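Asks: Structure of the sequence below:
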Amino acid sequence: MRKIADVVRRLGEGMGRGVLSFPLTSFQRNGDLDPGAYRAYLERQLAVGPGAVFPACGTGEFTALDEDEYRTVITVAADVARGRFPVVAGIGYGWAQALRFARIAEDAGADAALVLPHYLIQAPQDGLVEQLRRIADGTRLPLIAYQRDQVAFTADSLSDIARIPTVIGLKDGHGDLDRLQRHILAAPDDFLFFNGAATAEVQARAYAGVGVRAYSSAVHAFAPEIARAFFEAFHKNDSDRMDELLRGFYVPLVELRDRRTGYAVSLVKAAARLRGLPVGPVRAPLTEPGPDDLAALRDLVDHGLDLVGAKR
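Replies: Sure, this is the predicted structure:
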């Protein structure tokens, strides 16, 4: 229990220090995992000082990794973090397979796990709770539940999962603030909540209105300078600066992202490559952006870097 309390404390402190980093996973041109490039990329990510690092999650193409590759990704992340930042590994699929990943993550040095939505099926509320209970029963890692897509907890179910001793928080990707407010009221005071909406900065002020200030940042994966500038403006409540970044960068990025399914990851990876970061291509079923979208992305990233006075 001391370890769980320590993870909660470190995550809580990190949430006030920086954005939550969800790094990309580096692949070679032939699609093979590239551990050396991944290490170099992570070192640059963590040099900016995020609040925590979440390897092998959605942005990190968790569903494209086999177990051996997953072990390498988490091991490298834990080694690069060296205890300076909490490492929260993605786990998922059904509870039995999620447990296999959780045990790998535990052995590899992760501090906690983010439970990604289960595979394919719609499930009733008691099934969602039982899924988390089964995972919690089989690993010592503290768990953060992630609701998005087919997973959406009611306030009663949130109260149930919050009573599982190793479930320490909830990442929300739905953006239903009425529901989220009910979750917060149903949870204990030390339960952690995270804004996990796509391009979360666009909704950061709305989430803060119900008391959720921590958020994940896909932009941090390719332009941590921009992500940091927004984070600082957000924590200073500098509305003019936030509006400038939203109008000039974040909202246009969302509009570009929405042009094609899968761009929430492949566009981010393309932006990282444009900046010379060693991340390689996406794996199928994701596809690379076309030339017109790449040109628009390059212009947008350059403009965003100009807005924060960063080197292109």
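Asks: mind checking the SS state of the residue lying closest to residue 49 once chain neighbours are set aside?
Replies: Excluding the flanking residues, the one nearest residue 49 by C-beta to C-beta, 6 or more residues apart in numbering is residue 18, at 5.2 Å. No exception for glycine: its C-beta is placed from N, CA and C like everyone else's. Classification of residue 18 by DSSP: H, G, I helix; E, B strand; the rest coil places it in coil.
Asks: Verify the stated contact: residue 18 with residue 46.
Replies: No. Counting by C-beta atoms under 8 Å, residue 46 is not a contact partner of residue 18; they are 10.0 Å apart.
Asks: Of these two, which one has the most company?
Replies: residue 18 (22 against 19; other C-beta atoms under 10 Å).
Asks: Model confidence at that one, what's the number?
Replies: Note on residue 18: pLDDT of 94.
Asks: before we move on, what about residue 312?
Replies: Reported pLDDT for residue 312: 83.
Asks: who's in contact with it?
Replies: For residue 312, the contacting residues are 301-302, 305-306, by C-beta atoms under 8 Å, 6 or more residues apart in numbering.
Asks: can you pick the most crowded of the residues you listed?
Replies: Counting by other C-beta under 10 Å, top hit in these: residue 301 with 22 neighbours.
Asks: Tell me which residues are up against the host helix or strand of that one.
Replies: Using DSSP states H and E, residue 301 falls within helix 291-307. Applying C-beta under 8 Å, 6+ apart, the contact partners of helix 291-307 are 222-223, 225-226, 229, 244-245, 248-249, 252-253, 256, 259-260, 263, 267, 270-271, 274-275, 289, 311-312.
Asks: go on, stretch 9-16?
Replies: 20, 50-52, 85-86, 88, 111-112, 168-169, 192, 194, 213-214, 235.
Asks: Restricted to buried residues, select the residues you listed in PyMOL.
Replies: This is how PyMOL selects the buried members of those, with burial counted by 16 or more other C-beta atoms under 10 Å:
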select buried, resi 20+50+51+52+85+86+88+111+112+168+169+192+194+214
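Asks: What about the contacts of stretch 9-16, which are in strands?
Replies: Secondary structure from DSSP state E places 20, 52, 88, 112, 168-169, 192, 194 of these in strands.
Asks: Please produce JSON lines containing those, extended by distance to residue 202.
Replies: JSON lines is the format used below for the ones in strands among the contacts of stretch 9-16 (distance: C-beta to C-beta, whole Å):
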{"residue": "20", "distance to residue 202": "16"}
{"residue": "52", "distance to residue 202": "21"}
{"residue": "88", "distance to residue 202": "23"}
{"residue": "112", "distance to residue 202": "26"}
{"residue": "168", "distance to residue 202": "26"}
{"residue": "169", "distance to residue 202": "22"}
{"residue": "192", "distance to residue 202": "22"}
{"residue": "194", "distance to residue 202": "15"}
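Asks: Widest-spaced pair of these?
Replies: For the ones in strands among the contacts of stretch 9-16, the maximum inter-member distance is 14.1 Å, found between 20 and 168 (C-beta to C-beta).
Asks: how about the nearest residue to residue 22 once chain neighbours are set aside, what does it touch?
Replies: Sequence neighbours aside, residue 59 is the residue nearest to residue 22 in space, at 4.2 Å (criterion: C-beta to C-beta, 6+ apart). Going by C-beta under 8 Å, 6+ apart, residue 59 touches 22-24, 218, 221, 264-265, 268.
Asks: how about residue 275, what does it touch?
Replies: Taking C-beta under 8 Å, 6+ apart, one finds 222-223, 301 in contact with residue 275.
Asks: Alright, I will stop here.
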